[in-house]
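K.L.:
output the structure for:
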Amino acid sequence: MNNVKVRLSIMMFLQFFIWGGWFVTLGTYLASTLEASGGQIAMAFSTQSWGAIIAPLIIGLIADKYFNAERILGVLHLLGAALMYMMFTAQDFSSFYPFVLGYMIAYMPTLALVNSVSFGQMHDPSKEFGKIRVWGTIGWIVAGLVISYVFSWDARQAIENGMLRNTFALCAIASLLLGLFSFTLPATPPKGKGQATGIGQALGTDALSLLKSRNFAVFFIASVLICIPLAFYYQNANPFLTEIGVENATGKMTLGQVSEVLFMLALPVFLNKFGIKKTLILGMLAWVIRYVLFAYGNADEGIWLLLVGIALHGLCYDFFFVSGQIYTDAKAAPQNKSAAQGLITLATYGVGMLIGFWVAGQITDAYAVSDGHVWENVWLFPAAFALVVLVLFTVLFKPEKVSVDD
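P.N.:
Residues are numbered from 1 along each chain as shown. Below you'll find the predicted structure:
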């Protein structure tokens, strides 16, 4: 691996180490340390959606026209380090929320920026990018293992003593390091300099013509709706595992990222052999199975149900969301491919997850009891919801063949 690839790999590692280092345990921290309600926790998680909605404006209207990608990446992570430190010092939800909102508005654009920096140094991104991007998944995994097995911040006693707050300090340091390191990355000048970029183009709405296709419209609506069950996992999985007494919950949740890598390798083969419809159906079916496993698992003899449910993350995410990105690319005209990806990202991580986090907060609060939650009922809701989406998609979506290189 040459020097440039090593630097890009370090960039990806830190980028996702930061996200995995605080986002996974956010719900547990807010509920236990700041005594936040389900609705307040939903508000905090929804900042990801607001960041996803605003991010295209920063990238499409500013970064792509006026600044080198690596420089704006550095500035945003330095700003993020300061905001993360303020999240570390916040003593209640009302003082915490403005900083997490500001942080996610700063962080979400960096997901596109690290890709831009990487692609700018590659001759054949289709072959080279995966080897760089995998270090991001490794970074997320390492963050979870460090929290659980090195510092034990997610142990019951540590949580009661407020030790989970330290995840924000850890990520502030990592964000500071990445901010400074970004200025040493290869120069990636703006490609759209001198070109007019409208708000519609930045948000991906130029690709709305794709919705004239019945199949794509069905897929688009299903993508938005399936984000409601997805939000339950992001928002509730760690608090759920911690509350029922699963030890090292954050470390065990890294099984999801390990499976993500494995199922990513299987995805091209499955797509080419079975087609896009069966692939998407399998991804949605995995959501149903996962939440049923969560509903009936426990920290004792039923721990294996929980571990299988966590390990299904790769199948849930790769076979629906990643294959959906591939499907979107295949359906879009050459001049609209970037806009189409922007549209599907806005619809899912923006609108879909925004609705999903709100619904998850309402359901979680509805089944709150004096000593915790009736988790069986909480998890059966997204299981049933995903099943309805699956049935409607199966009936309305017509088979198509989408080929990818394996």
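
K.L.:
surely Gly136 touches Gln15?
P.N.:
Yes. Applying Cβ atoms under 8 Å, one finds Gly136 in contact with Gln15, separated by 5.8 Å. Heads up, the C-betas are built off the backbone N, CA and C, glycines and all.

K.L.:
mutual contacts of these two, please.
P.N.:
Between them, Gly136 and Gln15 have Val114 as joint contacts when contacts are counted by Cβ atoms under 8 Å, 6 or more residues apart in numbering.

K.L.:
Glu247: neighbouring residues, count only.
P.N.:
Under the neighbour criterion other Cβ atoms under 10 Å, Glu247 is assigned a count of 15.

K.L.:
higher neighbour count, Gly136 and Gln15?
P.N.:
Gln15 (27 against 22).

K.L.:
now the more buried one: which helix or strand?
P.N.:
helix 3-22 (DSSP states H and E).

K.L.:
next one: Leu34
P.N.:
Once you assign secondary structure using DSSP H and E, Leu34 falls outside every helix and strand.

K.L.:
quick check, pLDDT for it.
P.N.:
Leu34 is assigned a pLDDT of 96 by the prediction.

K.L.:
can you check Ile62 too?
P.N.:
Confidence for Ile62, expressed as pLDDT, is 66.

K.L.:
cool, and the one 10 residues further on?
P.N.:
What the model reports as pLDDT for Ile72 is 89.

K.L.:
distance of it from Val117?
P.N.:
To Val117, Ile72 is 10 Å away according to Cβ to Cβ, to the nearest Å.

K.L.:
rewinding a little: which parts of the helix holding Gln15 are buried?
P.N.:
Neighbour counts using 16 or more other Cβ atoms under 10 Å place 5, 7-22 of helix 3-22 among the buried residues.

K.L.:
next: stretch 156-176.
P.N.:
Ile159, Met163, Leu164, Arg165, Thr167, Phe168, Leu170, Cys171, Ala172, Ala174, Ser175, Leu176.

K.L.:
start to end distance for that stretch?
P.N.:
End-to-end span of stretch 156-176 (Cα to Cα, to the nearest Å): 29 Å.

K.L.:
below-threshold pLDDT in the chain: ranges please.
P.N.:
The model of the chain has pLDDT under 70 over residues 1, 58-65, 126, 191-207, 335-336, 338-339, 402-406.

K.L.:
the strands in it, which residues?
P.N.:
In the chain, the segments counted as strands under DSSP state E are 368-369, 372-373.

K.L.:
distance to Ile41 and mean neighbour count added to those strands, as CSV?
P.N.:
Shown next, in CSV, are the strands of the chain (distance: least, Cβ to Cβ, whole Å; neighbours: other Cβ atoms under 10 Å):
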stretch, distance to Ile41, mean neighbour count
strand 368-369, 11, 11
strand 372-373, 12, 18
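
K.L.:
I'd like these laid out as JSON lines, including distance to Thr242.
P.N.:
What follows is the strands of the chain, written out as JSON lines (distance: least, Cβ to Cβ, whole Å):
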{"stretch": "strand 368-369", "distance to Thr242": "15"}
{"stretch": "strand 372-373", "distance to Thr242": "10"}
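
K.L.:
please identify which of the ones you listed is closest to Ile244.
P.N.:
Ranking those by proximity to Ile244 (Cβ to Cβ) places strand 372-373 first, at 7.9 Å.

K.L.:
what's next to the closest one, contact-wise?
P.N.:
Contacts of strand 372-373 with the rest of the structure, by Cβ under 8 Å, 6+ apart, involve Phe240, Glu243, Ile244, Thr364, Tyr367.

K.L.:
so what sits opposite the nearest residue to the second one once chain neighbours are set aside in the bridge?
P.N.:
If you skip the residues right next to it in sequence, Glu243 has Gly372 as its closest partner in space, 5.0 Å away by Cβ to Cβ, 6 or more residues apart in numbering. Per DSSP bridges, residues listed as beta-bridge partners of Gly372: Val369.

K.L.:
how about Leu26, what does it touch?
P.N.:
Remark: with contacts taken as Cβ under 8 Å, 6+ apart, Leu26 is in contact with Ile41, Ala44, Phe45, Asn238.

K.L.:
count of neighbours near the first one?
P.N.:
Right, Ile41. One way to gauge burial is a neighbour count; for Ile41, by other Cβ under 10 Å, it gives 26.

K.L.:
likewise the second one?
P.N.:
Here the neighbour count serves as a burial measure; for Ala44 (other Cβ under 10 Å) it reads 25.

K.L.:
the closest residue to it other than its chain neighbours and Cys227: what is the separation?
P.N.:
Ranked by Cβ to Cβ, 6+ apart and with sequence neighbours excluded, the top spatial neighbour of Ala44 is Val100, at 5.4 Å. When distances are taken as Cβ to Cβ, Val100 and Cys227 turn out to be 20 Å apart.

K.L.:
same deal with Met104?
P.N.:
Relative to Cys227, Met104 is positioned 16 Å away (criterion: Cβ to Cβ).

K.L.:
one more: Leu265?
P.N.:
If you measure Leu265 against Cys227 using Cβ to Cβ, the figure is 25 Å.

K.L.:
so where do the helices sit in the stretch 301-406 of the chain?
P.N.:
Listed from the start of the chain, the stretch 301-406 of the chain has helices (DSSP state H, counting those that start in this stretch) covering 303-311, 313-317, 323-331, 337-345, 353-366, 375-396.

K.L.:
and those, which is most packed in?
P.N.:
The highest average neighbour count among the helices of the stretch 301-406 of the chain, using mean count of other Cβ atoms under 10 Å, belongs to helix 313-317 at a mean of 24.

K.L.:
could you give the angle of the lengthiest helix in the chain to helix 303-311?
P.N.:
Scanning the chain for the longest helix, with DSSP state H as the assignment, gives helix 255-296. Regarding helix 255-296 and helix 303-311, their directions subtend 130 degrees when assessed with axes from the mean of the first three to the mean of the last three Cα atoms, to 10 degrees.

K.L.:
helices and strands around helix 255-296, which ones?
P.N.:
In terms of contacts (3 or more Cβ pairs under 8 Å, 6 or more residues apart in numbering; DSSP states H and E), helix 255-296 is packed against helix 125-145, helix 214-243, helix 303-311, helix 313-317, helix 323-331, helix 375-396.

K.L.:
alright, I will stop here.
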